[in-house]
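Asks: Coordinates only, no sequence provided:
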Ligand SMILES: Cc1ncc(C[n+]2csc(CCOP(=O)(O)OP(=O)(O)O)c2C)c(N)n1
Ligand SMILES: Cc1ncc(C[n+]2csc(CCOP(=O)(O)OP(=O)(O)O)c2C)c(N)n1
Ligand code: SF4
Ligand code: SF4
Ligand code: SF4
Ligand code: SF4
Ligand code: SF4
Ligand code: SF4
Ligand SMILES: [Mg+2]
Ligand SMILES: [Mg+2]
């Protein structure tokens, strides 16, 4: 198994932590992983992204330009990364923030209203977890349980009460795509 | 003609200007010249020296380790440079400052009491010119007139009254070796 | 067994510094390595170690000098412009034979440039960016694991040879997260009789200096240094080879570009091209000898760098005219894709025909 | 006709700066080149030019940056440790494409070292002591005359390519007196439309920068620089050859060591040894091509340097394995005698047999 | 949350339906010497504001063609993207040396540096102090936000005692790092300084005063009598981890305790004669 | 002029023919921690004198084994050849950073830097100012001779107005180079400084006071309360182009006008409690 | 005030502001600078993802405080003589947005 | 005073100085520091080429001023009780040198 994923959006949308959570979960499952953020505060106000690679084998380059999957959370990221999804790959996007999705037909393009759902769950911050849930439904590269275990490890004790809402968010994401019944 | 000369002594003895005056005179005579001082204030209180090369042809290395002639004005310089005079070369020294001249027999070793003479001329500073006079008597690589012309060029106008005593000093040096009747 | 963690390269390096018994870290913020200072600012005090944000890189490197001269394991890290500012200090450290670890998380220059990863500081690192004859031992990690491992190695080599060690990383290796295992390491006993810790009656005074005003003494000192560098050249060459056994072509690359080349190699091999990867781990001492041997059974080598062609000179010096040595690079923080590299390889294969 | 004077190399350089229309000199004292600042402190004000003792070499180079960025001919000079301190600034100047003249009167290092002449800064000068991909045009004078001549040349090349020029001299060339003639030179009209002198309505604003935060733009900038360096490599190679026509052996040496080699050559020729002297005048661009040609009719080359073997790498890169390239050097401010060099040559002749 | 799609020229109009545009007089507009692009600064960042003020002064004095600015390394590293004047980008901390190089060669131009607290007071304190001691006829605009903005919130020489930053996670420990440096007070002791003042821009009135200070400082350059240092208490909402509004309050509540506002050194009447 | 030949152990004896040596009590002798070699300094140079004073204090306090000195680049670059203690040679201007590195790792050692005015106040002002601002528990011995001695007499930041040097051939022009920097006054404004004093060594009494100041400064290190800065007005007969005796007079007549002697900042009684 | 947008009061000088909303970053510094509470943030976001300032120009006095403190220089201020000032110059859609905030449905 | 070296006066403490003449650099700082005019420079030079300090210990009070100001730390000072102090402790050759200076032949 080798999954090369890019996650991209505005700085505040939890882009980096989405990728990182996935990476941690990969580690829980003893897979090889690499997580490479775009970095630099000079980018402030701009977009942020991270490349997450999960593999059964040693990972060579942590930086790649073609992706198996892309998760994009704003329009500039859609415009930038949609063309870089490999033929047959997956392009998952947040539909409240992106009005013009890619028109490619050789990849799977799926939009979910994660932001709207998050607002309804009264926690805008968990938008990224809803998206992650959706992604994992479509590409089960790690188990949801591994995500939860990863979160438990990563979050300091005092934030463990947030595990539950994160769990709900993941499930919500899963549901959303399930409803879309793409697969 | 190629004359490779080292002049060495204490910092205050006019070592550098002796060599430099000679170099200027060489220039007056349109010879090729190079003048290379030991440098660096870190040497303060120590010895100073300069290599002066006068030649009819272009000069290759300005730094050499064997000399046609050496003029040494203190004991440490005698000890350091006497061994570096080429066989058959000249070693001229100031005898009031150097009590232990070299014992080499394959070179000409000549001591003159220039310091004492300078005191008698009531100008300790012209010691170096006495030595230069002596040197030029022994090795007439440039004419005394050229030295005087050089001094005229180099000394600022307001010091031109010193030309006379310098002239006297040069002549005195010449006399001193003449009296020694080595040649 | 040592625990495996998911960490950024910069943080792994910082954690390793603690485990390696680094007594003191002095640094100044600069992207893409500010995490090191930040991590250590949190963690070092817990271990009773010294961590200090200096007023500049010039101050940092001179604080390292002071601490190293007093016999402590000291380090600093920075990125390209900051490392340039340290050049005088580095030359002093080398001249005074002080062991220490300096990390350059290379970004792309010249000047202010960009904060994206680069390898434009290869020459500066390996040939001496500072004045005079000296060499740094230069280690080039290409993974988060090596970011950690080379801290131990770096301190050990520094102490062994009384010489500064430079770890030449880059923005990507510093910023990326990978799994890292901190292997057990025993901090060696302090044994630096030359250190300036206050002169007891029982020994002569110690002094740390790079000043030898008399050229005769300076030359003796230089020769002593050269003898040391010779020893280092003989004993400390490190490199990694992948698929060089049957290789007709060899990628030569270090650090991040070696990672990309590895992928390129995989792609090329899928196409049936017999290409191998030679990854120098020590950039000084450079594995000239091994490259020279490999040249005997290789058609050409391709040096892949994130600069305008620096290490390629060393590859050529190693190969010494036996086979062509080609160069492929991207600049300014841009990275070649594995596909680009394969394409370049194929073009060159065409060009060099069936040599 | 221009007057011939007897001058120190440092002073000849300073005088030439005035004649070359140098608008501003910023410097900080350091042996063996403090005469430059001292000379100019006396003379520049008479010509209405700016001369200023800065608080440090870091300040000097950045003052040069400011003045050069405003379109003026600006220069600084220093010696080894001071030049190390300028490395960040130099990288910025190169990155921002600012023309200026920097003079290094090389002393022997590393560290504080000694004030005696050396060539240990060859790598720093030619491969880039600062960070990132840039090159300085490097001129190596070997006489007082060239100390003067290369100031004009340096400013002209700097302006032509919008690139800093480094003159790499040494303590001996700087301190020695020789005859020097100041050839007539017409200061070119100021024509620097990119200079920051205040934006009139008639043009877009100018800004001087080396910052290109987006790697895409940075790479374009880097490529622009590389294209320039390529042009320089093609057009500006300078060297001197003496007796290479019939030479079986060639000394390769620059600056002071070339002078000593010349004497050695004379001595060896007296003994009937057919040896020639190849003196690179531009150290960047380096005369690789010519060395490669010469290698075809030479048995071996001997690179003679006042360091532990730096330029020899460039000689090897030029020769590319065709013939052996040997090295002979003295360190720490010590100089080889012509006799030493001849002796070394003879030993190597023995060793390489009748190849 | 609703998403709107807008083109970049969109303006929230102020047009009154029953009143013609012409009948309104424009009383405030962005200065013409500002480049009309969106700045990269975080929301509420004082850098952008001070850029605007400098450009207002340049506009009003009509000296665009005589002004050369020196940008620092810091969040304001791109200042030249926003100010429509000739500018140079200096290495981190070296703006005053660069400005010296410019001004000494063009004594009649208006030269200013724009520097953050890390830039000016940490790595660049030597160049700053010496330029001021020499009395370089330049204006130093000193943006003090008590933190390294650009590199994401490390401690600066001006970080307040106890203030948390990424490199002082438990708050600045004065016994370890010393007290914040009061740059303006320190520099005003140098005879080369001519006019030294500290202002803040967190309220409209402060903005007015700051602009006046900048205007004074620009004008004083004509006198060739020394260095003007205008310290401006800025902010860094992102790294202070506050909203811009909270940050404005923090300036009032905390920053001014360590860095009291007001003139520190003002020219005497006779100093103002050319 | 008569030339004598002497061996290096020769001493001008003070033995009284009619009085046995033992009956005399030795009341002054070179400190034991001074290396018994001839120093490279010019005749009358104050550097040698101050080396001696530091060693006297180290001797008397019995702290040779707890003292680490940092030598500068300047005429006193070889200080470690003369002081029989552990020492480090710092790069030009960086002594305070080096000392910080030493002291932070060995807080209980006595650490001092020894720096000239070019070293401390020109190239090294940043490291000096920041070390003092942090209140590093070190002693800075600041040898102010108003000139760059080692490099042969260039202008220093402390060169007096109008004073001729090789780089100010017409005398220091204050309108061009600014006024001499009063380092001690400036640094005493930093809260990190604990004890700041300026002394001179051109007379026996000044020597006594200077030694006392050095002694205080060494002792204060035990308190861990900040930096001690002892500025000493030295001399440079060679580059002042004076005899040592004339130089001593120049200190009285000229130097002290710009650099008045005396304590600038002294600890209060309560500060002296550990 | 609840449930109502501040209405135009009688005064000597009337003002209005124009906001370059694409460059607004929603920092709210103008909203606190305005003593007349003319300004508030939109519910919508602009292309950069920020909520932006919107104005109830009815209450604007043209004092320019908001423009002075606006870091991004996106506010332009106009003034007119009172006789010329209509009772309400706020466009209907903005008015609606404003109302929706003070009195959410 | 001319033509005479200061003679020993009666006082409570007598001193004498010992000078390491090879390290003396003839700076004369001791000579001006000594109020008793004990010290002066030799006519001879030492191995470094400097005239060196010589003492007429008859007049020395052992005040140590000379030693304090001696940059090169070449002066050692001794004291004794007056009863122990002989009339003249200056060695004859030095005395001769000193005399030759104050009253040259
Ligand atoms: C030599 C060097 N060191 C470090 C950096 C990294 N750096 C960039 S800006 C900065 C500090 C910025 O802080 P400040 O000057 O206060 O400006 P602010 O961003 O707060 O406005 C640093 C350390 C650099 N670019 N160059
Ligand atoms: C980086 C660097 N720049 C310059 C020098 C040359 N240099 C040596 S000492 C010195 C100044 C000495 O003056 P000061 O510190 O006042 O000491 P002094 O000799 O007067 O005691 C200088 C400029 C150097 N060694 N290193
Ligand atoms: S990081 Fe701070 S200083 Fe930088 S732009 Fe953001 S708010 Fe302004
Ligand atoms: S040059 Fe000056 S400071 Fe240096 S040793 Fe001589 S007198 Fe002392
Ligand atoms: S101009 Fe004054 S009243 Fe009008 S919106 Fe701005 S701050 Fe409010
Ligand atoms: S102050 Fe300016 S940027 Fe901030 S919310 Fe108001 S209009 Fe928008
Ligand atoms: S001890 Fe006093 S009296 Fe004796 S020689 Fe010295 S200064 Fe003169
Ligand atoms: S003070 Fe010392 S060095 Fe100077 S003359 Fe007297 S004894 Fe000699
Ligand atoms: Mg800041
Ligand atoms: Mg000095």
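Replies: That came through fine. Here the structure is a predicted model, which means the values were calculated and not measured. Ligands and ions are numbered 1, 2, ... in the order given.
Asks: Please report how far residue C:270 lies from ligand 2.
Replies: From residue C:270 over to ligand 2 the distance is 55 Å, taken as Cβ to the nearest ligand atom, to the nearest Å. Every residue, glycine included, has its C-beta placed from N, CA and C.
Asks: Same question for residue C:274.
Replies: Taking Cβ to the nearest ligand atom, one finds residue C:274 at 53 Å from ligand 2.
Asks: Identify the residues contacting whichever residue of the stretch 151-300 of chain C sits closest to ligand 5.
Replies: Proximity of the stretch 151-300 of chain C to ligand 5 (Cβ to the nearest ligand atom) peaks at residue C:175, 43.1 Å away. For residue C:175, the contact set (Cβ atoms under 8 Å, 6 or more residues apart in numbering or on different chains) comprises A:36, A:37, A:39, C:8, C:9, C:10, C:32.
Asks: just residue C:123 next, same as before
Replies: Contacts of residue C:123 (Cβ under 8 Å, 6+ apart): C:129, C:310, D:123, D:127, D:128.
Asks: what residue ranges in the stretch 151-274 of chain E score low on pLDDT?
Replies: Counting by pLDDT under 70, the stretch 151-274 of chain E shows no low-confidence range.
Asks: can you pull out the strands in it?
Replies: E:154-155, E:193-200, E:227-233, E:262-265 (DSSP state E, counting those that start in this stretch).
Asks: Can you name the residue of the stretch 101-250 of chain E nearest chain D?
Replies: At 2.5 Å from chain D, residue E:101 is the closest residue in the stretch 101-250 of chain E, using Cβ to the nearest Cβ.
Asks: Doesn't that residue lie inside a strand?
Replies: No - using DSSP: H, G, I helix; E, B strand; the rest coil, the assignment for residue E:101 is helix, not a strand.
Asks: partners of the most centrally placed residue in chain G in the sheet?
Replies: Centroid-nearest residue in chain G: residue G:55, 1.7 Å away (criterion: Cα atoms, centre = their mean). Counting by DSSP bridges, residue G:55 is bridged to residue G:39.
Asks: Does it touch residue G:19 like I think?
Replies: Yes - at 6.4 Å, residue G:55 and residue G:19 qualify as touching, with contact defined as Cβ atoms under 8 Å.
Asks: ok, longest helix in chain G?
Replies: Secondary structure of chain G read by DSSP state H shows that its longest helix is helix G:92-102.
Asks: Looking at chain E, which residue is nearest ligand 8?
Replies: For chain E, Cβ to the nearest ligand atom, closest residue to ligand 8: residue E:133, 35.9 Å.
Asks: by how many degrees do the helix or strand encompassing that residue and helix F:125-134 diverge?
Replies: Under the criterion of DSSP states H and E, residue E:133 resides in helix E:125-134. Angle of helix E:125-134 versus helix F:125-134, following axes from the mean of the first three to the mean of the last three Cα atoms, to 10 degrees, is 100 degrees.
Asks: is helix E:125-134 anywhere near chain C?
Replies: Yes - Helix E:125-134 reaches chain C (Cβ under 8 Å from any Cβ of the partner chain) through residue E:125.
Asks: Show which residues not belonging to the helix or strand where residue C:315 lies make contact with it.
Replies: Using DSSP H and E, residue C:315 sits in helix C:311-319. Residues outside helix C:311-319 that contact it (Cβ under 8 Å, 6+ apart): C:119, C:122, C:126, C:252, C:254, C:280, C:283, C:286-292, C:295, C:301, C:303, C:305, C:325-327, D:313, D:316-317, D:320-321.
Asks: do the very next helix or strand once past it and chain D meet?
Replies: Following helix C:311-319 in sequence order, the next helix or strand is strand C:325-329 (DSSP H and E). No - Strand C:325-329 stays clear of chain D (Cβ under 8 Å from any Cβ), getting no nearer than 8.9 Å.
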